Structure formats: C-alpha cells, structure tokens
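Undergrad: Whatever this is, show me its structure:
(chains A and B)
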Amino acid sequence: MSKRNILKIIAFVVGLYFFLEYILPEKVGGEFDSYEVGSPAAVEIGGAKQQFYVGNYYKGRGIIGRMKKKGGVWKKDPKPVLQRSLFLKFDQFGLQDPDAVNSPEGPALLYLGQNEKDPVLCFALSEDGGETFKKKGPVVFSTNDVFKTYESAPNGLLPDKIKAFAADCKGGVWEIYLFTMTYRVWRGSGPDLKHIRLDDAPLVSAALTEKSPNSFDVYSEGESPVLVYVMDREVIEFREEGGSFVPRTWKAPTGNGTNDVIYAGGRMDETDGTLYLGTKQMRKGRPIDSPYETMLCAVKLRDYADGSPMAMEMTIYKKVGAQPRPTYLSYGTEWAGKFLTVVGSFAIFIAMINLMLFHGKKIYQSALNYNAPAGEEKLPGGGAPMRNFIKNAGYSAVFLIFLAVMIVCALKGQTDEAKGTIWKTSFDFLFNAIQAPMGSAVFSMITFYMISAAYRSFKVRSLEAGFLMAAAIVCMVGQMPIGELLASLVPESWKLLQLPWLSSKLLSVLNAAAYRAVLIGTLIGSVAISLRIWLGLDNSVYSSVD
Amino acid sequence: MDHATLPIIIFILLFSGFIITMIMLTKRGKEVFLRPINGLKVIDDAIGRAAEEDRPIMFNLGFDDLSVNLFCSLAVMGYVVRKAAKLSMPVYVPLAQPLAYAMAEEFWKDGYAAMGKEGMFAVEDCLRYMSSNQSALGAGIAGWIKRDHVGANFMFGTYGFESMMLAEAGQQAGAFQIACTPSFYQVPFFMVSCDYTVFGEEFYAAGAYFNRDPVLTGSLVGQDYSKLVLLLLIVLGSLLLTIFQKADYLRLLLQW
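TA: Here you go, the predicted model:
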C-alpha cells in the first residue's frame, strides 16, 4: 500500500472520530449533572425532605435535578425534574437558581429562566404531591393593580432586571423578594404567582454590600425579613433594626476539609435553620477552574448565633473524580488537542532553528567577507568593511542578540519567585516598552498605506468605480459630525438625503446582505473541501506525499 | 467544543449528500460547466512575468495554522512551486505559524524535486518563519518584498490587518499580485492593491482548479445545489415571517 493511501486511511479514521464526536448530543456520555452542580434549595414535601439543585450537562445549560432524603441519606433522582424547553422561550437556554415552596395549590418550584434576553422568573406547580412539576410560565408582577405582560417584559412591569429572587407562601399569600441588577431589593405579595403586586418603594434602596452576592435568600424572623447574602467565603445576614439593615457576617467554616471551598450559591431552609450551599473547590486561595469539583453541602446557621465558628455539617452530594466529558468520544478529541499543542511546541523549535540558520549564515558570510584579504570577492554593498558588515548582517545580529536576551529573561522572569528580580523587570521592559510600542508603530503605518491605496482606487475610471466612490463618500461623511449637521438641515421626511441614515442603510442592508451571501458560500466551500480531504478525494492536498 | 444541533446535523448530511452525489455523477461522465475564475487563470501569467523580469516569486500562506484553509493554500503553493521550478525561479514563502512551516517545507521541497531541481535553492533562504505577531509579520514581509524586489506576490489564506501592508508593499515594488482569501473584511484592501482578488468560496475551489478533475467540478456543483437550498429557505423564512408575524418558532427551531 502506498504512503498516500495509508495517509488517506488515517485521515478518514480520525475525521470519522471527530465527526461522530461532533454530531453526538452532549448528554451522551454523562448524567444531566455531570459537569456542575449548585444552587440547592430544600423543602419538606409530604413529610420528606427534598432538595432541588441546578446541574449542567456541559457549560451553561442549567437543568433542575432533585435529591430526596430517605432514611437519613440523600439520594439523587436519576432523571431531572425540569429541563429547558424549545417552545417556551423564557427558559430556552437553561434554568437557574431554583426555590421550592409549599403552597395551597401544591408544591411550587420557582426558577430563573435563561434566554437570549434578560432572565425571567418562572414557576412550575406539582399536581401529584411533588413527584412531577409542570411549567406554568412567568410570574407576573405589577406596581399597581394592572397585571399585564408584553413580549419584551414577560414578568410584567418590573422596576429593574432580576438578578436573584426569594419566594415564600404563608397562609395562601405569596411573598416574592427580588434582588435587582442595581442591588436593590423589592418585595411583592399576592394571592397567586400571576398577580404579585410590588411595594411602592424598594425594601432596600441601596446596595448592602460592595460586591454582588453569589446568591440571595430571605426568611422571616417574626414580622421582619432577614436577608441572607452568600458571598465567596462568607455568609452575611441582614436584619432590620430601627429602619435599617444591620449585617451579621459568618466567615467560611474551617475543618472537615471545608477550608478549601468557596460558596457558589444556595438557599436557607428556615424550618430547621440549615443553609444549603453549592461549593467550589479552592487551591492556593483561588477557586479551581474545574466545575466538576463542585458539590452540594449544608450548614447549620442558626446554631452558631452565639458567635462560635460555623462548621460544614455534611457533604450531601459531591462531584469529584475524572472530569466528565460531554460525550463518550470527547476524550479522544481532547487528547488530539493536547497532541497538537505538543507538536506545535516542537514546531516552534524547528521554526526558530530556521531563523537562526538564516541569520547566522548571513552573519558568517559577512564576517568572512569582512576578513577577506584585499582583492578577493566581496559581498554586494561595497564601501568600508565595517559599514558593509553592518549593512549586510546588522539586522541579523540585532535579531539574534534580542532573541537570546528575550529567551533568558522569559525563562528566568516568568516564574512565581521572579517577582521584583532583574529578570522580571527586564522581561516586562522588553515586552511593554519595546515590543508593544513597536507593534503599535507598525500598525499605525497602515494609515499611510490606506491613503495611497484609496488615492488609486477612488479614481473614477468606470461606472463601477463611480458607484464605489459614491458609496465611500456617503459612508464616510455619514459617520462624521458634519454628516449629522448636514442631516439636521434636511427635512425629516427626506430620509434619502440624510447621509447618516443612508450610510447606516448601506452598511446594514446592502453590505450585510452581500456579507451573508459570501459567508454562506465560504462555509459551504469549507464543508466541501473538508469532505474531499476526509474522504481522500482531493489529491492536490496529498500531492507532497510519495 | 460545541456540538451539532439537530438542524445542523440535517444540513451537514444534506450538503454532504449533494456534494458526494455530484462527484459520483461527474466521475461517471456527466458534463458540467465550470465558470472560469480570472484570478486563478492568471497564476501562470504572473509566474511567467516574474521569470521574464528575473525577479523572485513570493507565496504568502496567511495566518492559518493546521486547518482546511492551510491545505487549500498549500495545494496552490505546490502548483506555483512546480511551475517556478520548471523556470528555475526561487519561490519565497514567509510563514506565520510554526506548524505551517513544517508542512510548507514539504510542499516546497516536493515542488522542486518534482521538476528535478532539488537543491537549486536553500530552504532556509526561501522559507522563513517570520513571526506569529501580526505587526512583526507584516513589517517583515513588506521589507522582504522591497529588498528582494519580488516580481510576483501571491497572498493565499486568512489575513488580518497585515493584508494592507503586504499588498501595498507588493504594489510599491511593482509586483504582479494575486490575492485569494476567505477573510471577508480584508477583501477591500486586497481589491485596491492587487491585480486580481479571489474571495469567498472560490478560495476553496482554487486548490484543485488547475486540474479539471471530476472531483472538483462535481464538488462545485454540489455546493451550488446546497446554496440553492439555503436560498430557498431564506426566501421561505422571509415570506413566512412577513405573512405570519408569529412565526418566531422557526427561529427557535433553528437555535435548538
């Protein structure tokens, strides 16, 4: 078998592997929460404790799962409780931050639906005692008694965008607390989740913390609400005292292997004073960028009101081990990526050797020429030997010197211990004071090239060149301040004479249409050549083999 | 890595079906018309002109690392090198990616060897890894073009802002320039500075353009059928959205 055929077979097998990996759905290869777990919320349904949490197949798409407590042990339901929907566009990109509440209509599950716009607070109700939940759409708010939703405002009239929420139902009256993007907390109440009337003024009108909390919950203590903010390493409770909210901070618990986690979010179960938390592992004081090491935990919060250190009570559900892959075949593609990185690193050496050979050869030849006795053949250039040497090999010498200096400074200056050393300073200087400004200087040269190119191309030699010139003038003037000024002199109804309007139409309609046409052609072209290479049909690619 | 959604799988299978079917049909002798691409037709003229003026040829491979685009460019480079080797001309290849360097070296050596001219030019003189930094790459190539007074400058592959520097340097050196790129936003710069510019899908046809084998022609016709399907879908979608304002579910279906 020829070398070319062997290569074609390898390309086919590797290509088939990648293709299968690409077309397999993400859920093949792991459970619905194989990538990440977090944001737990617990509730007692029918005398048994249930805990709802968000799990991900892979980055992003949140799905609500459930754990049930049986015989003192938490057990996970194999199937998710709620998933994103195709036709319910409020949660088409996933579900986040669930809160479970018992209500007269049955157990309710509230969540933030992710979509292409702002998050939407939605709810689902159970009609079979908490076994299954049926989506009921968005919760509807109002600041007066008119409950009206719009395409752009599925939650009704809200004062701000929702960042987090807390819900409760007591005596048939729903209470919803909204933590908004501007850090304000609004309270609303109503007989059902389609009619929640917000208070006239926010409960908290200014930010209580500088930093945005990872999660937010509210429980009642007597008549006054207690706000629970879960931050990275601490939990802060805000109690209303004399018209203002007073904080009480609980530091991250230590011991039981819990000193290396940060809190990713969670909710309070006020029936037994337990705070359920999603956590992320930490290493060297920073959260590890590996969501598969997340876990669900619970903390007894109220028991430590005397100020004793809080301790993690138990680990309910832990996701640790080999990193889950979105599909069974993903391991191979990841391995191929690493293999390419390694091969690429070796290729850099080859490229560097090529550069050193070229420039070294130049210096060597110039040096030979410099030392050549009078009368022997010299390199072109003429003039004095030293000037001749600099002219022929000066840049090469500078290149090799800086290559060596940069390599040494990078090797010695890019370590954790190098901070403050001469190597680190030199590396930063070479990078920030030489390479970056030189790059900017070269980039700025394009301006001159553009002017000379524009001068040539804007000569009206044909009808097409005339169109080009006219379009260019419209676009240029339309985006200048003078374009706005000229447009203000034209009546509003004469749109065609307003250059900014014309310019925007040229760019967003004509140009965009042409761009999409070219893009479609390019993408189909790339599919075609990929197919030809994969199936070994395109011999031009394999021409260097054999 | 993102994974295919159901509509994407359907489209991939549909387009692949068109392309493979048309390749099979043309292999069995079906006659198809292939529109001539001027920018690719004049490659021989550019090489010939550089040979007449005794000026070297430069072939830029753009910023592509190991990718389909690089394979396309390398296929054309192989053709140019063979033609130049026949006329004992040097072909300079500046490179931006180390991995591309290793591959280009093979194609370059093979081109000269195919014409029995191996060893005529030193590899390190003709193939040079410049830099993966765009500014350095642009400045380096522009200097090379002007110093060596390049006679024909081919720019194939993906480019960023350095396209203008390369093309204008070639223009100022009086080189015959042909650009062929899938980078849409660089097309205007190439248009104003080059003698011929090929862009979009024609870039992918370039690799196999020089031998009219049925695989290429069939593949191009298959691509056209695929585009026709997309065009019909665009028209249909526009009409549905215009007539039924609530046809939002079509968009949702495609996003799924």
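Undergrad: Which stretches in the stretch 151-300 of chain A count as strands?
TA: Assigned by DSSP state E, counting those that start in this stretch, the strands in the stretch 151-300 of chain A fall at A:162-170, A:173-180, A:185-190, A:196-198, A:215-221, A:224-230, A:234-241, A:244-251, A:261-269, A:274-283, A:286-287, A:294-300.
Undergrad: What of chain B?
TA: Here chain B has its strands, by DSSP state E, at B:57-60, B:91-95, B:127-129, B:152-156, B:176-181, B:196-199.
Undergrad: Next up, the contacts around A:Pro247.
TA: Contact analysis of A:Pro247 by C-beta atoms under 8 Å, 6 or more residues apart in numbering or on different chains lists A:Leu208, A:Thr209, A:Ile236, A:Glu237, A:Phe238. C-beta here means a position set from N, CA and C on the backbone, and glycine is covered the same way.
Undergrad: Oops, could you answer that again for B:Thr158 instead?
TA: Going by C-beta under 8 Å, 6+ apart, B:Thr158 touches B:Gly62, B:Phe63, B:Asp64, B:Asn69, B:Thr181, B:Pro182, B:Ser183.
Undergrad: in the stretch 151-256 of chain B, which spans are helices?
TA: Along the stretch 151-256 of chain B, the stretches classed as helices by DSSP state H, counting those that start in this stretch are B:162-172, B:187-193, B:202-206, B:214-243, B:248-255.
Undergrad: Need the mean per-residue confidence for the longest one.
TA: Read it as helix B:214-243. Per-residue pLDDT values over helix B:214-243 give a mean of 87.
Undergrad: What helices and strands are in contact with it?
TA: On a contact count with 3 or more C-beta pairs under 8 Å, 6 or more residues apart in numbering or on different chains; DSSP states H and E, helix B:214-243 meets helix A:512-534, helix B:6-27, helix B:248-255.
Undergrad: which one of those is the most hemmed in?
TA: Among those, helix A:512-534 has the highest mean neighbour count (mean count of other C-beta atoms under 10 Å in any protein chain shown), at a mean of 19.
Undergrad: Check whether it comes near chain B.
TA: Yes - applying C-beta under 8 Å from any C-beta of the partner chain, one finds helix A:512-534 in contact with chain B at A:515, A:518-522, A:524-533.
Undergrad: tell me the angle of that helix relative to strand B:176-181?
TA: Following axes from the mean of the first three to the mean of the last three C-alpha atoms, to 10 degrees, one obtains 90 degrees for the angle between helix A:512-534 and strand B:176-181.
Undergrad: Can you list the neighbours in contact with helix A:512-534?
TA: A:11-12, A:15-16, A:19, A:537-538, A:541, B:12, B:15-16, B:19-20, B:68-69, B:71-72, B:182, B:184, B:199-205, B:207-208, B:215, B:219-220, B:222-223, B:226-227, B:230.
Undergrad: Farthest-apart pair in the contacts of B:Thr158, please.
TA: Farthest apart among these by C-beta to C-beta are B:Phe63 and B:Pro182. That separation is 11.5 Å.
Undergrad: Neighbour count: these two, which is higher?
TA: Taking other C-beta atoms under 10 Å in any protein chain shown, B:Phe63 and B:Pro182 do not tie; B:Pro182 has more neighbours (29 against 22).
Undergrad: List the contacts of the residue in the stretch 1-150 of chain A positioned nearest to chain B.
TA: The nearest approach of the stretch 1-150 of chain A to chain B comes at A:Ile23, 4.8 Å away (C-beta to the nearest C-beta). Going by C-beta under 8 Å, 6+ apart, A:Ile23 touches B:His3, B:Ala4, B:Ile9, B:Ile12.
Undergrad: residue closest to the middle of chain B?
TA: Among the residues of chain B, the one closest to the centroid is B:Phe203, at 3.9 Å (C-alpha atoms, centre = their mean).
Undergrad: Now stretch A:210-230 - C-alpha only, PDB.
TA: Extracted as PDB, the C-alpha positions of stretch A:210-230 are listed here (Å, rounded to 0.1, in the frame of the first residue of the first chain):
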ATOM      1  CA  GLU A 210     -20.000  46.300  47.700                       C
ATOM      2  CA  LYS A 211     -19.800  43.100  46.000                       C
ATOM      3  CA  SER A 212     -22.600  41.300  44.200                       C
ATOM      4  CA  PRO A 213     -23.600  38.200  46.200                       C
ATOM      5  CA  ASN A 214     -23.400  34.700  44.700                       C
ATOM      6  CA  SER A 215     -26.900  34.100  45.900                       C
ATOM      7  CA  PHE A 216     -29.700  35.700  47.800                       C
ATOM      8  CA  ASP A 217     -32.400  34.400  50.100                       C
ATOM      9  CA  VAL A 218     -34.900  35.800  52.600                       C
ATOM     10  CA  TYR A 219     -36.500  34.300  55.600                       C
ATOM     11  CA  SER A 220     -38.800  35.800  58.200                       C
ATOM     12  CA  GLU A 221     -38.000  36.300  61.900                       C
ATOM     13  CA  GLY A 222     -41.200  37.400  63.500                       C
ATOM     14  CA  GLU A 223     -42.600  40.100  61.200                       C
ATOM     15  CA  SER A 224     -39.300  41.400  59.800                       C
ATOM     16  CA  PRO A 225     -37.500  39.800  57.000                       C
ATOM     17  CA  VAL A 226     -33.800  38.600  57.300                       C
ATOM     18  CA  LEU A 227     -31.800  38.900  54.000                       C
ATOM     19  CA  VAL A 228     -29.200  36.100  53.500                       C
ATOM     20  CA  TYR A 229     -26.400  37.100  51.200                       C
ATOM     21  CA  VAL A 230     -24.000  34.200  50.200                       C
END
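Undergrad: Quick one: distance of that stretch to the chain centre.
TA: The gap between where stretch A:210-230 is centred and where its chain is centred comes out at 27 Å by C-alpha atoms, centre = their mean, to the nearest Å.
Undergrad: quick one: contacts for residue 170?
TA: No chain specified, so I'll use chain A. By C-beta under 8 Å, 6+ apart, the contact set of A:Lys170 is A:Ser220.
Undergrad: other chain: chain B
TA: With C-beta under 8 Å, 6+ apart, B:Gly170 has these contacts: B:Met58, B:Ile145, B:Val150, B:Asn153, B:Gln177, B:Ser193, B:Cys194.
Undergrad: ok, and the closest non-adjacent residue to it?
TA: Nearest non-adjacent residue to B:Gly170, counting by C-beta to C-beta, 6 or more residues apart in numbering or on different chains: B:Asn153, 3.9 Å away.
Undergrad: So the one you found sits against B:Gln177, correct?
TA: Yes - between B:Asn153 and B:Gln177 there is a contact at 4.7 Å, judged by C-beta atoms under 8 Å.
Undergrad: give me the beta-bridge partners of A:Ala124?
TA: Beta-bridge pairing for A:Ala124 (DSSP bridges): A:Leu109, A:Lys135.
Undergrad: from memory it sits against A:Lys136, does it?
TA: Yes - applying C-beta under 8 Å, one finds A:Ala124 in contact with A:Lys136, separated by 6.0 Å.
Undergrad: show me the contacts for the residue nearest to A:Phe93 when sequence neighbours are not counted.
TA: Excluding its sequence neighbours, the residue lying closest to A:Phe93 (C-beta to C-beta, 6+ apart) is A:Gln114, at 4.0 Å. A:Gln114 sits next to A:Gly62, A:Arg84, A:Asp91, A:Gln92, A:Phe93, A:Gly94, A:Leu95, A:Gln96 when contact means C-beta under 8 Å, 6+ apart.
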